[in-house]
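# model this:
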Amino acid sequence: IRSPDAKKIGGIRDFKSIRFLRMYLTGFEDDVTLRFAKLDLVRNQWRQYGYEINYSNDYKQIPANTNTTLNTLAVSVEENGNRTPVNYVIPPGIERIQLLSNNGVNLLQNEQALALQVNALNKKEARGVFKTMNIDVRRYGKLSMFLHAESIMNKIPVQDGGLTAVIRIGQDFQNNFYEVRIPLKVTPPVVLSPYTNEQSNIVWPNELNVNFSDLIQLKMDRYNDRNTNRNTDSASRYFNDQKYMVFGNPNLGEVRGILIAIENTNSSSPIDAEVWMNELRLSNLDERGAWAALGRMDLVLADLGTVAVSVNNRTSGFGSIEQKMNERAKTGFTQLDIAANIDAGKLLPKQAKISLPVFAGLNKTQENPEFDPFKKDVLYTDQIKNADELKRDSIKNTAIDQTTIKTLNFTNVRFMPGKNNTMLSPSNFDFSYSYSELQQTSPLIELNQVVKHRGSIGYTFNNTGKSYQPFSKLIKTKSSWFSLIKDF
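Residues are numbered from 1 along each chain as shown. This is a model prediction of the structure:
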């Protein structure tokens, strides 16, 4: 549909508002009968990668005049169950999803896989597809996928190990990624019908099983090697005939895409082959338990004042039942709150006659990360263990998000009034002072400190007034007619 040869007719701009579809054929010299079995709009989330797959840090586009072609399609059990030279079978251990219809009959959904057909793939060249996403996979322990490879009919057969599956996950596919390379075993021509679960391994002899802990450990070892060789941007290691590699600074907490490619590893002649990918899945959920607690104590000190203490603590991984795995807390949280209201004047002798209300408060919040805030998929505890003793304190100080608020208030401090108060009596004056300090440190903030001082002086004088009634002595009569004047 989005062919560059397509023409726009009228004022149509895009594909956002399509109401009608009309197809017509022209140029025939004789009568032609056309039969359409199925006409569907197909959306593919996997797109072909248009750049060379290498380690150059640069995006070098595949030349337009290349002879290598890549075709992306789907194979399924319903449409390709009798396919040749290799028929499609369900991977071992996989069951088709059942749906209940209106009449109560169980319907099996179609089980299918992604297929890549590559033609004239030269030595040390690779072609692949990618899918963009934005997910956090740190709560999972393993990435798995079934792989199948076969030769194209009437073409030069591909030998075992001639093709290599390249899987990259990370922030991008050229600078920051994890890579897994799997040499593929080629399935010979075979038709399995019917077949058992064990026989399906003939069609699916290759399987991707990546332990994320191995990738993370490889990255940590690479960081340790940088102490002696700071130009090391990549590191690789073999695990069960599969080559793991870390390039740049990827992390499993911000996976932006996955790339699956086919590489001609060691064949000097161009390769024609077809590779299937199926059941790309995450497993081994982190099922460690977490807990949270809240405590509060209120202490009444007779008529002296009150003291309130509250503590709130939560460990990493805690969440409610309806929350998903990635919605649960990824940091440990501790909060301490102390507040005291005291009339300190009662601690002084009664002869002092001083009112001294004091409020003191301390609020401290600390978040301990489960993962290192800079490497993001390395456990914070592992980062502390692998660090030198001289660096552990600095790592703790930079990783912890901590906020401390201190408050001290003296409100309306004054001398108690005596029997005879004048306009200049000390009891007419009151004093207030407040002090607050905010201190914050985090992985992004070295120190944020705000100190505020505020003071005020007030003056209040209240004197008892005297009443004068001058007309009460001038008017002697007791008549009610003059009571209004006498009271004035």
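
# contacting residues for Phe173?
Residues in contact with Phe173 (CB atoms under 8 Å, 6 or more residues apart in numbering) are 49, 51, 53, 130, 257, 259. Glycine gets a C-beta too; all of them are placed from N, C-alpha and C.

# what does Leu347 give?
Leu304.

# one step back: report the buried members of the contacts of Phe173.
49, 53, 130, 257, 259 (16 or more other CB atoms under 10 Å).

# Please name the bridge partners of the last one.
Counting by DSSP bridges, Leu259 is bridged to Phe130, Arg168.

# Hmm, Val129 and it touching each other?
Yes - in this structure Leu259 lies within contact range of Val129 using CB atoms under 8 Å: 7.5 Å.

# Which residues are in contact with each of those two?
Joint contacts of Leu259 and Val129 (CB under 8 Å, 6+ apart) are Tyr49.

# which among the contacts of Phe173 gets closest to Ala308?
Gly257 (51.1 Å; CB to CB).

# Checking the closest one next. Helix, strand or coil?
strand (DSSP: H, G, I helix; E, B strand; the rest coil).

# Distance of it relative to Val129?
11 Å (CB to CB, to the nearest Å).

# cool, and Asn412?
Remark: distance between Asn412 and Val129 (CB to CB) = 74 Å.

# Also Gly295?
Gly295 is 54 Å from Val129, by CB to CB.

# out of these two, which sits in the busier spot?
Val129 (20 against 9; other CB atoms under 10 Å).

# what pLDDT does the residue lying closest to the more buried one once chain neighbours are set aside get?
Setting aside the residues directly before and after it, Val129 is nearest to Trp46 in space (CB to CB, 6 or more residues apart in numbering), at 4.3 Å. Trp46 is assigned 90 on the pLDDT scale.

# quick one, what contacts Trp46?
Trp46 is in contact with 72, 114, 129-131, 260, counting by CB under 8 Å, 6+ apart.

# Now with 10 Å, please.
Trp46 makes contact with 72, 74, 114, 116, 128-132, 258-260, 277, according to CB atoms under 10 Å, 6 or more residues apart in numbering.

# Quick check: it vs Leu336, distance?
Separation of Trp46 from Leu336 (CB to CB): 51 Å.

# same question, Lys16
With CB to CB as the criterion, Lys16 and Leu336 are 55 Å apart.

# can you tell me how far Gly455 sits from Tyr433?
5 Å.

# Residue ranges in the stretch 201-350 of the chain under the pLDDT threshold?
Across the stretch 201-350 of the chain, the ranges flagged by pLDDT under 70 are 226-232.

# just the strands in it please.
Per DSSP state E, counting those that start in this stretch, the stretch 201-350 of the chain carries strands over the ranges 206-211, 234-239, 242-247, 255-264, 271-285, 292-301, 305-314, 331-343.

# Which one of the ones you listed lies nearest to Met153?
strand 271-285 (9.5 Å).

# buried stuff in that closest one?
271-280.

# Stretch 162-182 too?
Buried residues in stretch 162-182 (16+ other CB under 10 Å): 162-170, 173-182.

# okay, it in PDB with CA atoms only?
Written as PDB, here are the backbone C-alpha positions of stretch 162-182 (Å, rounded to 0.1, in the frame of the first residue of the first chain):
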ATOM      1  CA  GLY A 162      26.800 -21.700   8.400                       C
ATOM      2  CA  LEU A 163      24.200 -19.300   9.700                       C
ATOM      3  CA  THR A 164      24.300 -17.500  12.900                       C
ATOM      4  CA  ALA A 165      21.300 -15.900  14.700                       C
ATOM      5  CA  VAL A 166      22.100 -12.500  16.100                       C
ATOM      6  CA  ILE A 167      19.900 -11.100  18.800                       C
ATOM      7  CA  ARG A 168      20.500  -7.600  20.200                       C
ATOM      8  CA  ILE A 169      18.500  -5.900  23.000                       C
ATOM      9  CA  GLY A 170      19.200  -2.500  24.500                       C
ATOM     10  CA  GLN A 171      18.700   1.200  24.000                       C
ATOM     11  CA  ASP A 172      19.800   1.000  20.300                       C
ATOM     12  CA  PHE A 173      21.400  -1.500  18.000                       C
ATOM     13  CA  GLN A 174      24.800   0.200  17.300                       C
ATOM     14  CA  ASN A 175      26.100   1.800  20.500                       C
ATOM     15  CA  ASN A 176      24.400   0.400  23.600                       C
ATOM     16  CA  PHE A 177      23.200  -3.200  23.400                       C
ATOM     17  CA  TYR A 178      23.500  -6.700  24.700                       C
ATOM     18  CA  GLU A 179      24.200  -9.300  21.900                       C
ATOM     19  CA  VAL A 180      23.700 -13.100  21.800                       C
ATOM     20  CA  ARG A 181      25.000 -15.100  18.800                       C
ATOM     21  CA  ILE A 182      23.700 -18.600  18.200                       C
END
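
# That concludes my questions; thank you for your assistance.
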